[in-house]
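In: coords please:
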Amino acid sequence: MKPTIVDDKFTAGLFPPRKSDSHKGTYGTLVIVGGSEKYVGAPYLAALGASALRTGCGIVKIAAPEFLMPALRSRVTECTLFPLDAEDGHIRPDGKLAAATDGASAVICGMGIGDTPATAETVRFLLDTLKCPLLLDADALNALSKDLSVLDGHRQSVVITPHIGEMSRLIKKDTAFVKENKQSAAEKFAAEYNAVVLLKDNESVITDGSETLINRAGTPAMAKGGSGDLLAGIIGGMLARGVPALYSAAAGAYIAGKAAEKAVKNSNEYSLLPSETAAYVADAVTEIINKNKKEA
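Out: Residues are numbered from 1 along each chain as shown. Predicted coordinates:
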């Protein structure tokens, strides 16, 4: 199918004027499920939450193992924290996880969670219990690749955000095949598993199997650990305020790319950190909205 190129006009359309009598509950609650003993990642979890708020959601909860709370408290200012039970350094899917996600408008999972059997159980738990949109990234995708049957009959909108290597594991093809067949591979997976796929690359493919978009915004400076976490937060913020999954993923990729393009002007392609890019998300959104106003 012929894809649509994501641009300012497309993205600005997903940021309508807010109603004067709205409140934080109007714009949804995002729950971020992540972290483990090996991958503490407190700064990245904090940046995730801030980026979600910068794309418009009302409330962000970070649900992480209880032993990470001291590190998170020193980093997190705008988000609320929800301690989870852990076993052997990893999140245990139990009543506390259910309580953390109760009432969520969207959930993202996988960042720093670890590639373990416990992660597979957590992914299955979320797929079985959630009714709101669910974004799976990083180690949650590695868990999926071991048992795709967990996606059978899922009730919620599911977004997955693999890079080329993760996609190769999901479809059991080598990376060269995925690279050469990005659009068809993403479309086939999305259609088969009723999911939105954002296949990350220098030109990212975003598809639900019936509609496909391409994102060209970005810079090689984003080729660094943590960039995908930042992207997940941006998409999660849009999902939480009710933007459809396909368009959340497409606009999220575009905003992340534009923010990085801005950030790298004050750094360089080697030194730019994802946490620095996070500080430019608001600037990117502002420019996208204002450009569209001028052209209207």
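In: Spell out, range by range, the helices that occur in the stretch 151-296 of the chain.
Out: Defined through DSSP state H, counting those that start in this stretch, the helices belonging to the stretch 151-296 of the chain, from first to last, are 164-171, 175-180, 182-193, 227-240, 245-263, 274-278, 281-295.
In: what's the shortest one in contact with?
Out: Residues from elsewhere that reach helix 274-278, judged by CB atoms under 8 Å, 6 or more residues apart in numbering: 43-44, 47, 50-51, 54, 222, 224-227, 229-230, 233, 256, 259-260, 263, 267. The C-beta positions use only the backbone N, C-alpha and C, and glycine is treated the same way.
In: Make a ChimeraX selection of whichever of those residues turn out to be buried.
Out: One line in ChimeraX is enough to select the buried ones among the contacts of helix 274-278; burial here means 16 or more other CB atoms under 10 Å:
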select :43,44,47,50,51,54,222,224,226,227,229,230,233,256,259,260,263
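In: How far does stretch 55-70 sit from its chain's centre?
Out: Mean C-alpha position of stretch 55-70 versus that of the full chain (CA atoms, centre = their mean, to the nearest Å) differs by 14 Å.
In: Could you tell me the end-to-end distance of it?
Out: By CA to CA, to the nearest Å, the extent of stretch 55-70 from end to end equals 27 Å.
In: Let me know the average pLDDT across stretch 86-97.
Out: When the per-residue pLDDT values of stretch 86-97 are averaged, the result is 95.
In: Return that stretch as CSV; C-alpha atoms alone will do.
Out: Taking C-alpha atoms only, stretch 86-97 is exported to CSV below (Å, rounded to 0.1, in the frame of the first residue of the first chain):
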residue,chain,number,x,y,z
ALA,A,86,9.5,-7.8,43.0
GLU,A,87,11.1,-11.2,43.0
ASP,A,88,14.7,-11.8,42.1
GLY,A,89,15.1,-8.2,41.1
HIS,A,90,12.1,-8.2,38.6
ILE,A,91,8.5,-7.0,38.7
ARG,A,92,6.1,-9.6,40.0
PRO,A,93,2.7,-9.5,38.3
ASP,A,94,0.3,-9.6,41.2
GLY,A,95,-2.3,-7.5,42.9
LYS,A,96,-0.1,-4.4,43.2
LEU,A,97,0.4,-4.3,39.4
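In: buried stuff in that stretch?
Out: Of the residues in stretch 86-97, those scored as buried under the neighbour-count criterion (16+ other CB under 10 Å) are 86, 90, 91, 92, 93, 96, 97.
In: For the fifth one, give me the backbone phi and psi.
Out: Here the main-chain torsion angles of residue 93 (degrees, to the nearest 10) amount to phi -70, psi 100.
In: between the buried residues of stretch 86-97, which is closest to residue 215?
Out: In terms of CB to CB, no member of the buried residues of stretch 86-97 lies closer to residue 215 than residue 91, at 30.6 Å.
In: That closest one contacts residue 125, correct?
Out: No. In this structure residue 91 lies outside contact range of residue 125 using CB atoms under 8 Å: 9.6 Å.
In: shared neighbours, the two?
Out: Both residue 91 and residue 125 are contacted by residue 97, under the criterion CB under 8 Å, 6+ apart.
In: Let me see the contact set for the spatially closest residue to residue 256 that is not a sequence neighbour.
Out: Closest residue in space to residue 256, ignoring its immediate chain neighbours: residue 231 at 4.6 Å, by CB to CB, 6 or more residues apart in numbering. Neighbour list for residue 231: 161, 198, 200, 252, 253, 256 [criterion: CB under 8 Å, 6+ apart].
In: which ones are touching the second one?
Out: Pointing back at residue 198 there. Contacts here follow CB under 8 Å, 6+ apart; on that basis residue 198 touches 159-162, 204-206, 231, 235, 249-250, 252-253.
In: How about the third one?
Out: Residue 200 sits next to 161, 162, 163, 164, 228, 231, 253 when contact means CB under 8 Å, 6+ apart.
In: just those residues now: which is nearest residue 214?
Out: The nearest member of those to residue 214, counting by CB to CB, is residue 253 at 9.4 Å.
In: Show me what the lowest-mean-pLDDT helix or strand in the chain is packed up against.
Out: Comparing every helix and strand of the chain by mean pLDDT, DSSP states H and E singles out helix 42-54 as the least confident one, with a mean of 82. Helices and strands touching helix 42-54, by 3 or more CB pairs under 8 Å, 6 or more residues apart in numbering; DSSP states H and E, are strand 29-33, strand 59-65, helix 69-73, helix 227-240, helix 274-278, helix 281-295.
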